[in-house]
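In: structure for the following, please:
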Amino acid sequence: MDLSNLRELIRIFEQAAITELDYEAKGVRIRLKKERQPGVSDISLQRVSPPVQEQGGAGGALEANPTVAHGEASAVRERAVSEQRPVISAPMVGVFYRSPSPEVPPFVQPGDLVEEGQTVCIIEAMKLMNEVRSSLSGKLVEVLVENGEPVEFGQPLFVLEPVES
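Out: A predicted model of the protein is given here:
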């Protein structure tokens, strides 16, 4: 590997959302590793209130919307003042998947109890499937991202409701 190729590999690695890379070719092995920044967790916690959707029928009852379109994610973040619910956010940039394959049910559904450390989704980044684990417990109220949608670092993915023990 010549020096220009090595520099390009390092440049790409520095911009990527990955923390380790092992590369081996023609008897040359390169290992790149980023140290995590202190205070940065894999899953960030934010507080938001759920979007509400009017339900047709008698009395016009209100009900939480289980899936929010991509463009509404910033609106969800802005409504953080009222009900103060915890949110599981994307720890990296990539493509959001609710299950490990299309034939398998999602890791979590609205109404499920989510436990700390439980896998809640997968984010594909640079052709690597990264399991996202919850750093908190609660009842899943809403899924804010559609399956197969690109997500940004820190984008809210799920809204939880704290469960009293």
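
In: flag the shaky bits of the protein, pLDDT-wise.
Out: 1, 35-83, 165 (pLDDT under 70).

In: would you map the helices across it?
Out: 3-15, 73-78 (DSSP state H).

In: is it true that Val145 touches Gln155?
Out: Yes: with contacts counted by C-beta atoms under 8 Å, Val145 reaches Gln155, the gap being 7.3 Å. (Glycine included, C-beta is placed from N, CA and C.)

In: tell me the domain ranges of the chain?
Out: The chain breaks down into these structural domains: 3-33, 45-161 (assignment by automatic domain parsing).

In: let me have the ones you listed in TSV, adding mean neighbour count as columns.
Out: What follows is the domains of the chain, written out as TSV (neighbours: other C-beta atoms under 10 Å):
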stretch	mean neighbour count
domain 3-33	11
domain 45-161	16
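
In: tell me how far the nearest residue to Asn130 once chain neighbours are set aside lies from Leu157.
Out: Sequence neighbours aside, Ile123 is the residue nearest to Asn130 in space, at 5.1 Å (criterion: C-beta to C-beta, 6 or more residues apart in numbering). Computed with C-beta to C-beta, to the nearest Å, the distance linking Ile123 and Leu157 is 9 Å.

In: joint contacts of those two?
Out: Applying C-beta atoms under 8 Å, 6 or more residues apart in numbering, one finds that Ile123 and Leu157 are jointly contacted by 90, 96, 132, 151.

In: tell me which two of these sit farthest apart.
Out: Of all pairs drawn from the shared contacts of Ile123 and Leu157, the widest gap by C-beta to C-beta lies between Val132 and Val151 and measures 9.9 Å.

In: residues shared between the contacts of these two?
Out: Common contacts of Val132 and Val151 (C-beta under 8 Å, 6+ apart): 90, 123, 157.

In: and the first one, backbone torsions?
Out: Here the main-chain torsion angles of Ala90 (degrees, to the nearest 10) amount to phi -70, psi 130.

In: and the strands in this structure?
Out: With DSSP state E as the definition, the chain shows strands at residue ranges 20-25, 28-33, 45-48, 52-54, 62-64, 85-89, 94-97, 113-114, 119-125, 128-133, 138-143, 150-151, 156-161.

In: make JSON lines from those and add distance to Phe13 to it.
Out: Rendered in JSON lines, the data for the strands of the chain read as follows (distance: least, C-beta to C-beta, whole Å):
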{"stretch": "strand 20-25", "distance to Phe13": "5"}
{"stretch": "strand 28-33", "distance to Phe13": "5"}
{"stretch": "strand 45-48", "distance to Phe13": "28"}
{"stretch": "strand 52-54", "distance to Phe13": "43"}
{"stretch": "strand 62-64", "distance to Phe13": "41"}
{"stretch": "strand 85-89", "distance to Phe13": "24"}
{"stretch": "strand 94-97", "distance to Phe13": "16"}
{"stretch": "strand 113-114", "distance to Phe13": "32"}
{"stretch": "strand 119-125", "distance to Phe13": "13"}
{"stretch": "strand 128-133", "distance to Phe13": "13"}
{"stretch": "strand 138-143", "distance to Phe13": "32"}
{"stretch": "strand 150-151", "distance to Phe13": "21"}
{"stretch": "strand 156-161", "distance to Phe13": "25"}
